[in-house]
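1. The following block contains a protein sequence and its predicted model.
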Amino acid sequence: MPRFTNYDDLESLIDITCNYMLENELKDLSGSYSKKSHFFIIAELYFGFIPNEKVIAITNTNLRKLRSEFAHRFTLDNEFRVDCDKVKTFFEFDSPQINKFSISGYVQDIHSDPFGAIFVSEVQVKLWAVVFESDPFWYFDATGGIFKRVNPEKETHLYSIVVHDSINKTNISTADFITNSNNNVSIYSYLYKLIEKFKSNRFFNLPKAIITDFSWDNIHSTMKAFNNLNVIDYLNLTSNC
């Protein structure tokens, strides 16, 4: 079996390990693998290995259970809406509001129909306040294919506001939201709520410019949320400058 050092893709590593054990009918952890190896750690964490026991039954049922547990390792409840509410409550308990000008928690708003949620924290606002001094720009874009699609619902997209810290040469997430209502009205609504949430914080400054792609919905919603203009009014305004 290949040895890995600092292997980032844990899910693939688990698959490789499981398939190797199954194909070679391995039923114990004795041999050349030390307790510091990925092989031992994965078996210990995901197969319930006890150091004094040597025999582990590797079956297709165990593999399916392993993959399921890994995929749902952060789930607090099997019912999706209840799980979202629990996550929101957890973050509010972990990061309470310090004063009326601060932001509590991380999950801010949860919507059921259409589905959506806003993610932003006090730390992100403070990081933006620091980066703003040298890089006062936001990059706004959407990503699909992350969330499992549930028929007949539309695909859920992740919308991210990212800033580039040129001093530390890294990208930082300023805020995110997810929704399966991917039209300009819905996107504008989430952006407007984020801006209002930001404005309650004394560290916040609006970006000097927002960079996005050629998506009509993204362009229209950013124009409306930040300038209170539709695209036609914006083009007329800039053409006269």
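-> In hand now; what should we look at? Numbering: from 1, shown residues only.

2. quick one, helices of this structure?
-> Assigned by DSSP state H, the chain shows helices spanning 10-23, 38-46, 60-71, 80-94, 122-132, 184-199, 216-227, 231-239.

3. Ranked by average pLDDT, which of those helices falls at the bottom?
-> Of all the helices of the chain, the minimum mean pLDDT falls on helix 38-46 (a mean of 53).

4. Name the residues of stretch 135-142 that come out as buried.
-> Of the residues in stretch 135-142, 135, 138-140, 142 count as buried by neighbour count, 16 or more other Cβ atoms under 10 Å. Every C-beta, even on glycine, is put in place using the N, C-alpha and C of the backbone.

5. hmm, I was thinking of stretch 209-227
-> 210, 212, 215, 217-226.

6. domains in the chain, as residue ranges please.
-> Listed by automatic domain parsing, the domain ranges of the chain are 10-71, 80-239.

7. any chance of the buried residues of stretch 135-142 in a markdown table, plus pLDDT and distance to residue 231?
-> Putting those into a markdown table (pLDDT from 0 to 100; distance: Cβ to Cβ, whole Å) gives the following:
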| residue | pLDDT | distance to residue 231 |
| --- | --- | --- |
| 135 | 93 | 26 |
| 138 | 94 | 18 |
| 139 | 95 | 19 |
| 140 | 95 | 15 |
| 142 | 91 | 18 |
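
8. possible to save those residues as JSON lines with distance to residue 127?
-> Output for these, formatted as JSON lines (distance: Cβ to Cβ, whole Å):
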{"residue": "135", "distance to residue 127": "11"}
{"residue": "138", "distance to residue 127": "13"}
{"residue": "139", "distance to residue 127": "15"}
{"residue": "140", "distance to residue 127": "17"}
{"residue": "142", "distance to residue 127": "22"}
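
9. tell me which of those residues is nearest to residue 110?
-> Taking Cβ to Cβ as the measure, residue 110 lies nearest residue 142 of the buried residues of stretch 135-142, at 19.0 Å.

10. In this structure that closest one contacts residue 221, no?
-> No: using Cβ atoms under 8 Å, residue 142 is not in contact with residue 221; the gap is 10.5 Å.

11. Out of the buried residues of stretch 209-227, which comes closest to residue 94?
-> Of all the buried residues of stretch 209-227, residue 225 has the smallest distance to residue 94: 29.1 Å, by Cβ to Cβ.

12. Please name the residues that touch the closest residue to that closest one other than its chain neighbours.
-> Leaving aside its sequence neighbours, residue 225 sits nearest to residue 191 (Cβ to Cβ, 6 or more residues apart in numbering; 3.8 Å). Neighbouring residues of residue 191 by Cβ atoms under 8 Å, 6 or more residues apart in numbering: 221-222, 225-226.

13. Quickly note the distance from residue 191 to residue 228.
-> Remark: distance between residue 191 and residue 228 (Cβ to Cβ, to the nearest Å) = 12 Å.

14. again, but for residue 166
-> Separation of residue 166 from residue 228 (Cβ to Cβ): 30 Å.
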